[in-house]
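**Student:** need a structure here:
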Amino acid sequence: MSAEDDDEFEEVANVLRGRTVVDGELRPALDALEARLGQPVVTLTCGGMNSVAGHGVPGVEVPTMTAWVRGAAPDHERRRQADAVLDEIVAEFAPWRWRQFTARALRVGNLPRSRARRIAALAGIEYVTDPILGGLGYFDEEATTRVMAAIPQERWEQSGDDWGAGVWTIAVNADLRSVSVFVHTAAEAAQLQQTSRWYEWERQLRALIAEKDEFGSTSIVPVNVALESRESLESDWQGNWSYYWY
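**Tutor:** Below is the predicted model of the structure:
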């Protein structure tokens, strides 16, 4: 993740935490957008995305603007109307030439008082050409990865220790958003898979993940929890973790 992407992630996170500060340059655009939409706008954020085939030279970074409002996800017609308003605002107020824009979005930030604050509809993005997500579009994916990375290996291992000697290890790949519980033999794994004991282990692991899930992103981009065996790791992937994960 680049420094720019990291900045964009933190910008979105701050929107969800209610810590937004509107840049003075964007204040006129926000006020105009709020008036024309007829509902409060939390903030405007600016990011970038790579242009795609049909827009000229691939890989050219172009600016984007995102409007954040509180409330439920809009239906298609409401989003279409909001996009049209945002188009007008961008053309009128943005510090870049309009022809540079290849994407615009109405994103809905739902900010309940509960701890499970999250974006109500990250899918509410309209792209002029190919629906390739970039930058802010990957918020939930990145948030889930960060949740996984924030849990110390000792916490995973402690769970395995609590379950007894039948567990060989608990392997975690934060980038792939995946955790695998390894028992010793394939037969043990097959038998355990059919029991309530495995479901309880999985429930405990998901509860551990939820502790760190500030934005509820793992309910949108779930973590894969698998039951494997050391025997299968050695026979199917030659005991190589890179082969297993990738």
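**Student:** for this protein, which segments count as strands?
**Tutor:** Counting by DSSP state E, the chain has these strands, from start to end: 41-50, 61-69, 103-110, 118-119, 125-127, 167-173, 178-183, 224-229.
**Student:** now the third one: mean pLDDT?
**Tutor:** Right, the one you point to is strand 103-110. Mean pLDDT, computed over strand 103-110, is 48.
**Student:** can you check stretch 35-42 too?
**Tutor:** Mean predicted confidence for stretch 35-42 is 80.
**Student:** again, but for stretch 92-99
**Tutor:** For stretch 92-99, the mean pLDDT works out to 57.
**Student:** can you tell me which of the strands of the chain the model trusts least?
**Tutor:** strand 125-127 (a mean of 30).
**Student:** name the helices or strands packed onto the helix ranked longest in the chain?
**Tutor:** Determined from DSSP state H, the single longest helix within the chain is helix 76-93. With contacts taken as 3 or more Cβ pairs under 8 Å, 6 or more residues apart in numbering; DSSP states H and E, helix 76-93 sits against helix 27-37, strand 61-69, strand 103-110, strand 125-127. All C-beta atoms are positioned from the backbone trio N, CA, C, and that covers glycine.
**Student:** 7 Å instead?
**Tutor:** Helix 76-93 sits against helix 27-37, strand 103-110, with contacts defined as 3 or more Cβ pairs under 7 Å, 6 or more residues apart in numbering; DSSP states H and E.
**Student:** in that helix, what's buried?
**Tutor:** Buried positions in helix 76-93, judged by neighbour count with 16 or more other Cβ atoms under 10 Å: 79, 82, 83, 85, 86, 89, 90, 93.
**Student:** redo those as TSV? Include distance to residue 185.
**Tutor:** Listed next are the buried residues of helix 76-93 as TSV, based on distance: Cβ to Cβ, whole Å:
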residue	distance to residue 185
79	52
82	56
83	56
85	61
86	58
89	62
90	60
93	65
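**Student:** which single one of these is nearest to residue 188?
**Tutor:** The closest of the buried residues of helix 76-93 to residue 188 turns out to be residue 79 (Cβ to Cβ; 50.3 Å).
**Student:** pLDDT score for the closest one?
**Tutor:** 67.
**Student:** next one: residue 185
**Tutor:** 97.
**Student:** same question, the one 10 residues further on
**Tutor:** Model confidence at residue 195, given as pLDDT, is 94.
**Student:** and for the one 3 residues further on?
**Tutor:** According to the model's per-residue confidence, residue 198 sits at a pLDDT of 96.
**Student:** check residue 19 too.
**Tutor:** For residue 19, pLDDT reads 74.
**Student:** wait, residue 213 touches residue 148, no?
**Tutor:** No: applying Cβ atoms under 7 Å as the test, residue 213 and residue 148 come out as separate, 9.9 Å apart.
**Student:** number of nearby residues for residue 181?
**Tutor:** For residue 181, the neighbour count with other Cβ atoms under 10 Å is 25.
**Student:** heads up, I number from 38, so please use that
**Tutor:** Taking 38 as the first residue, the last one we looked at is residue 218.
**Student:** so it touches residue 204, yeah?
**Tutor:** Yes: counting by Cβ under 7 Å, residue 218 touches residue 204, with 6.3 Å between them.
**Student:** what sits against residue 205?
**Tutor:** Each residue near residue 205 by Cβ atoms under 7 Å, 6 or more residues apart in numbering is listed here: 219, 220, 221, 267.
**Student:** thought the third one was touching residue 270?
**Tutor:** No: between residue 221 and residue 270 no contact is recorded; they are 10.5 Å apart, counting by Cβ under 7 Å.
**Student:** who has more neighbours, those two?
**Tutor:** Neighbours per residue (other Cβ under 10 Å) separate residue 221 from residue 270, with residue 270 holding more: 21 against 14.
**Student:** hmm, the more buried one is touching residue 281, no?
**Tutor:** Yes: using Cβ under 7 Å, residue 270 is in contact with residue 281, at 6.0 Å.
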